[in-house]
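Visitor: Give me the fold of what follows.
(2 chains)
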Amino acid sequence: MIEVNKDNFETEVLNYTEKPVFVDFWGDKCTRCLELMPDVHKLEEKYGDKIKFCSLNTSANRRLAIAQKVLGLPTMIMYVNGERAEVLTPDKINSIEDVENMIKKFYE
Amino acid sequence: MKGSEKMSHVYDIVIIGGGPAGLSAGLYGSRSKLDVLVIEKEKFGGQAATTAELENYPGSIENCTGPALTERMKKQAEEFGTTFVKDEIVDVDFTGDIKIVKGRKEEYHARTVIIATGAEYRMAGFKNERELRGRGVSYCATCDADFFEGLDVAVIGGGDSAITEALHLTKYAESVTIIHRRDTLRAAKSLQEKAFNHPKIKFIWDTVVEEAKGDEILESLVLRNVKTGEVSELAVNGVFVFVGLDPKSEIFRGKVEMDEKGYIITDRSMRTNVEGVFAAGDVTQKTLRQVITAAADGAVAAIAAEEYINEKFGK
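Guide: Next up, the predicted model:
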């Protein structure tokens, strides 16, 4: 997992075109996010060859998160060629399977 | 039914739901040396685990956050031998002496079942509420509050939950506007006092939210005064909705008796109309839905289940 922030977000996510980029938006106080994180790491082992995995701590990068239209946690976004291709908002994430299903759509 | 080998394990009690009712039932059941399984689909602790401060739970003076209290409840049940599993229940068959509970991952068999699925926050019903959920519209201040540091938020509702969460939000937000459809609050007097005296909290009375506006994320709320009909707009980054609860009882419809709102009807021993099936906590028909009443229900249900098992199965 690459930890992205306001300094490297553009390079690592928006200007990156080699592979789809998955970004896990989390926060220090978001227990759901912290619970899901080990499983997200496992997904990286499984799908990391064709998808780039990043995480963004919104507690330290709030403006950046809001600029990416993130206003709830956890939110998971898949970027393709710097564009937001699919967004999973917190209400759509009941379990890690929901996250895996989104990732699979971009794994080819 | 497939997989007869799975029939080999029959639990004494299968508890559906891992909130305070389910955890308390687990504790009491296991303490009676019964073989108890608690099934939770999302997060142990239930709604209580998303509550910031549980200052009305007896004994919870220090470290009384929802997550801390429910974590202790789970640990306590675990120490007495309760088994926990994460699975989502999709169907049940309560017709036989051995009850069948079907999960996405596995099928569970039990002599008794305690339904403790709880309730969830009701939607307020304004336009774009669903579309902007998780994009500024929230039902959990504990989960999302820190996101709104330095921003302006609104809270809809006038009960204990609304005021408690509004007070919690003041730790982060620049301003908290409570929008209530009446001109008085239903919340406990002590909470009201704190809210009225808080410099960051403002009130908009006799008002409902008609619509949430924003390009992908919430930017403002359209408000309507129910007395004057006057329409106005309030710029906020977040809105937290606390307007009541709905029971999570859909999969039990037609299987156990419930009222017109979907709350399961029980007697004082938490027995449903089906032999061997009990219900506890927020999912039941009751006058007060609190952590303490849920925990009490769970204890009563577990002991009633034990009595039933002794009589029925001579265990």
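Visitor: Would you map the helices across chain A?
Guide: When secondary structure is read from DSSP state H, chain A shows helices at A:9, A:31-47, A:62-67, A:96-105.
Visitor: List the buried residues for the last one?
Guide: To tie it back to what came earlier, the one meant is helix A:96-105. Using 16 or more other Cβ atoms under 10 Å in any protein chain shown as the burial criterion, the residues of helix A:96-105 that qualify are A:96, A:99-100, A:102-103. For every residue, glycine as well, the C-beta is placed using N, CA and C.
Visitor: tell me the contacts of the residue most central in space within chain A?
Guide: The residue lying closest to the centre of chain A (Cα atoms, centre = their mean) is residue A:23, at 1.8 Å. With contact taken as Cβ atoms under 8 Å, 6 or more residues apart in numbering or on different chains, residue A:23 is in contact with A:4, A:13, A:54-56, A:76-79.
Visitor: right, and the secondary structure at whichever residue of the stretch 201-315 of chain B sits closest to chain A would be what?
Guide: The nearest approach of the stretch 201-315 of chain B to chain A comes at residue B:216, 4.4 Å away (Cβ to the nearest Cβ). The three-state assignment at residue B:216 reads coil, by DSSP: H, G, I helix; E, B strand; the rest coil.
Visitor: I'd like to know how far residue B:237 sits from residue B:155.
Guide: Summarising the geometry, the distance separating residue B:237 from residue B:155, computed by Cβ to Cβ, to the nearest Å, is 13 Å.
Visitor: can you check residue B:109 too?
Guide: The spacing between residue B:109 and residue B:155, counted by Cβ to Cβ, is 44 Å.
Visitor: neighbour count winner among the two?
Guide: Counted by other Cβ atoms under 10 Å in any protein chain shown, residue B:109 and residue B:155 do not tie: residue B:155 has more neighbours, with 31 against 18.
Visitor: Ramachandran angles for residue B:240?
Guide: Reported as degrees, to the nearest 10, the phi and psi values for residue B:240 are phi -110, psi 130.
Visitor: Tally up the residues packed near it, please.
Guide: Per other Cβ under 10 Å, the neighbour tally for residue B:240 reads 29.
Visitor: and chain A, which residues reach chain B?
Guide: Contact residues (Cβ under 8 Å from any Cβ of the partner chain) of chain A with chain B: A:27-32, A:35, A:58-59, A:62, A:65-66, A:69-73, A:75, A:89-92, A:94-95.
Visitor: Of the residues you listed, which qualify as buried by neighbour count?
Guide: A:27, A:29-32, A:58-59, A:62, A:65-66, A:69-73, A:75, A:89-90.
Visitor: Mind checking which of the residues you listed land in strands?
Guide: Under the assignment DSSP state E, those contribute residue A:75 to strands.
Visitor: what's the neighbour count on residue 24?
Guide: Using chain A here. 25.
Visitor: nope, chain B
Guide: Residue B:24 is flanked by 28 other residues according to other Cβ under 10 Å.
Visitor: Then it would be within a strand, right?
Guide: No: when classified by three-state DSSP, residue B:24 is found to be helix rather than part of a strand.
Visitor: coming back round to it: wait, which of the buried residues of helix A:96-105 is closest to residue B:91?
Guide: Within the set of the buried residues of helix A:96-105, residue A:96 lies nearest residue B:91; the separation is 22.8 Å, counting by Cβ to Cβ.
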